[in-house]
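J.: this one's sequence-less:
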């Protein structure tokens, strides 16, 4: 499974330039590569991000989480989320599971990884706990 150049450059824009709050990727089975499906502007929140994930299909996603430390410092952590809801097709789950590591290696600077099969496994509290 390949990774489209646009996928890598979009991730770099999120990581280095903070152009996006999140990026959602999907596997294009015809092209056999990971492509960008959707991006979220820096003004969008975590609820906007989770609402953008399909209810019954797998996706990869990257979310840039901003928070303030107990010392009152502004920080940011990048999360890689492998979204594989229980209602998705077996074939899709297999495809995303077997391609994940290859794709993940292309994205330098990821701080945390979350594998989620339902929304509770990646809610904002889970993200906040991992980041702090």
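T.: That came through fine. The shown structure was predicted, so the numbers you read here are calculated from the model rather than taken from an experiment.

J.: all the strands of the chain, residue numbers only.
T.: Assigned by DSSP state E, the chain shows strands spanning 2-3, 22-28, 33-40, 59-68, 74-83, 112-116.

J.: how about the contacts made by residue 15?
T.: Taking Cβ atoms under 8 Å, 6 or more residues apart in numbering, we find residue 15 in contact with 64, 78, 108, 109. C-beta: built from backbone N, CA, C; applies to glycine.

J.: burial measure for the second one, as a count.
T.: By the measure other Cβ atoms under 10 Å, the count of residues near residue 78 is 19.

J.: so it sits right up against residue 66, yeah?
T.: No - when contacts are counted by Cβ atoms under 8 Å, residue 78 is not listed as touching residue 66 (10.6 Å).

J.: re the thing from before, reformat the strands of the chain as JSON lines; add distance to residue 125 and mean pLDDT.
T.: As requested, these are arranged in JSON lines below (distance: least, Cβ to Cβ, whole Å; pLDDT from 0 to 100):
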{"stretch": "strand 2-3", "distance to residue 125": "31", "mean pLDDT": "94"}
{"stretch": "strand 22-28", "distance to residue 125": "18", "mean pLDDT": "98"}
{"stretch": "strand 33-40", "distance to residue 125": "20", "mean pLDDT": "98"}
{"stretch": "strand 59-68", "distance to residue 125": "12", "mean pLDDT": "97"}
{"stretch": "strand 74-83", "distance to residue 125": "13", "mean pLDDT": "97"}
{"stretch": "strand 112-116", "distance to residue 125": "12", "mean pLDDT": "97"}
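
J.: any idea which of the ones you listed gets closest to residue 100?
T.: strand 74-83 (5.5 Å; Cβ to Cβ).

J.: pairing partners for that closest one, with directions?
T.: Note on strand 74-83: by DSSP bridges, its sheet partners are strand 59-68 (antiparallel), strand 112-116 (parallel).

J.: out of these, deepest packed?
T.: strand 59-68 (a mean of 19; mean count of other Cβ atoms under 10 Å).

J.: relative orientation of that one and strand 33-40 in degrees?
T.: Angle between the axes of strand 59-68 and strand 33-40 is 40 degrees (criterion: axes from the mean of the first three to the mean of the last three Cα atoms, to 10 degrees).
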